[in-house]
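S.K.: The amino acid sequence is not available; the structure is as follows:
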């Protein structure tokens, strides 16, 4: 099983490229068992959303 | 009658705000906005209502910002960069136990419903402070990815860094931004 440290890298990379089959599986299994990393993933997703909704952006998405 | 000049000038504050956030340098931001407005004025035939004026202006601005970031990257001092990285890696390592799992004190907590924050102006003030805290080089790569929306290959090409390095820098940026928000907004580890 991958460590939490390694998982944080996979979580970040998943924002920039499609992960391979093995990596997706490793990530999924880890997140099922680890609340800390599951929260971390939510946070990284939220950051991405925040960047898209930043008030300085001309193409700002509407907050639902 | 409103001239094209007046119409363009009306967007100046918005353009400037966006440029400042990306470049963190007021003078450089003024320069790229000025170039954008001149470029738009000169190229107004190309516009011809293809898209909303604002969208068109911002697409010009984004290109100018990428040019400016690329220019600055070339002049970055390599040893300053190494210091940035080392400091981060040490702080990052301390979050984990020997086996690479979170120490209990640093395990990421539940943020509840953070989407709600996006509506609060106070949240954006904290967010901008955290963005501005990112080390310069890290911030540049992050901005190109998340705000200018270049893909990874483009960023690597523009800044002449390897893909592996690019992933590492983006991970570092997201991690630091996350920690800063957790500390400053979600009220953990207040001191």
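M.R.: That came through, no problem. These numbers were taken from a predicted model, which means no experiment stands behind them.
S.K.: Only C-alpha atoms from now on, for both contacts and neighbour counts.
M.R.: Will do.
S.K.: which stretches of the chain form helices?
M.R.: Using chain A here. Assigned by DSSP state H, the helices in chain A fall at A:4-13, A:21-33, A:35-52.
S.K.: my bad, the chain I had in mind was chain B
M.R.: Going by DSSP H, chain B shows helices at B:4-10, B:12-23, B:26-42, B:44-47, B:53-74, B:78-93, B:121-133, B:136-146, B:152-159, B:163-184.
S.K.: Burial-wise, tell me which of those helices comes out on top.
M.R.: Each of those was assessed for mean neighbour count using mean count of other C-alpha atoms under 10 Å in any protein chain shown. The highest is helix B:136-146, with a mean of 21.
S.K.: and that helix, does that touch chain A?
M.R.: Yes - using C-alpha under 8 Å from any C-alpha of the partner chain, helix B:136-146 reaches chain A at residue B:146.
S.K.: among the helices and strands of chain B, which one scores worst on average pLDDT?
M.R.: Sorting the helices and strands of chain B by mean pLDDT, DSSP states H and E puts helix B:44-47 at the bottom, at a mean of 73.
S.K.: CSV please, covering the helices of chain B and showing distance to residue B:102.
M.R.: Converted to CSV, those look like this (distance: least, C-alpha to C-alpha, whole Å):
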stretch, distance to residue B:102
helix B:4-10, 50
helix B:12-23, 32
helix B:26-42, 40
helix B:44-47, 53
helix B:53-74, 34
helix B:78-93, 10
helix B:121-133, 23
helix B:136-146, 24
helix B:152-159, 29
helix B:163-184, 14
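S.K.: Among those, which comes closest to residue A:35?
M.R.: helix B:163-184 (16.1 Å; C-alpha to C-alpha).
S.K.: and that closest one, is it in reach of chain A?
M.R.: Yes - contact of helix B:163-184 with chain A (C-alpha under 8 Å from any C-alpha) involves B:167-168, B:170-171, B:174, B:178.
S.K.: which residue is nearest the centroid of chain B?
M.R.: Against the mean C-alpha coordinate of chain B, by C-alpha atoms, centre = their mean, the closest residue is residue B:143 at 2.6 Å.
S.K.: which ones are touching the nearest residue to that residue once chain neighbours are set aside?
M.R.: Ranked by C-alpha to C-alpha, 6 or more residues apart in numbering or on different chains and with sequence neighbours excluded, the top spatial neighbour of residue B:143 is residue B:22, at 6.2 Å. Counting by C-alpha atoms under 8 Å, 6 or more residues apart in numbering or on different chains, residue B:22 touches B:65, B:140, B:143.
S.K.: For chain A, state which of the residues you listed is nearest.
M.R.: Checking the contacts of residue B:22 against chain A by C-alpha to the nearest C-alpha gives residue B:143 as the nearest, at 9.1 Å.
S.K.: Contacts only, for residue A:47.
M.R.: Per C-alpha under 8 Å, 6+ apart, neighbours of residue A:47: B:174, B:178.
S.K.: hmm, try it at 10 Å
M.R.: Residue A:47 is in contact with A:41, A:53, B:114, B:127, B:146, B:174-175, B:177-178, B:181, counting by C-alpha atoms under 10 Å, 6 or more residues apart in numbering or on different chains.
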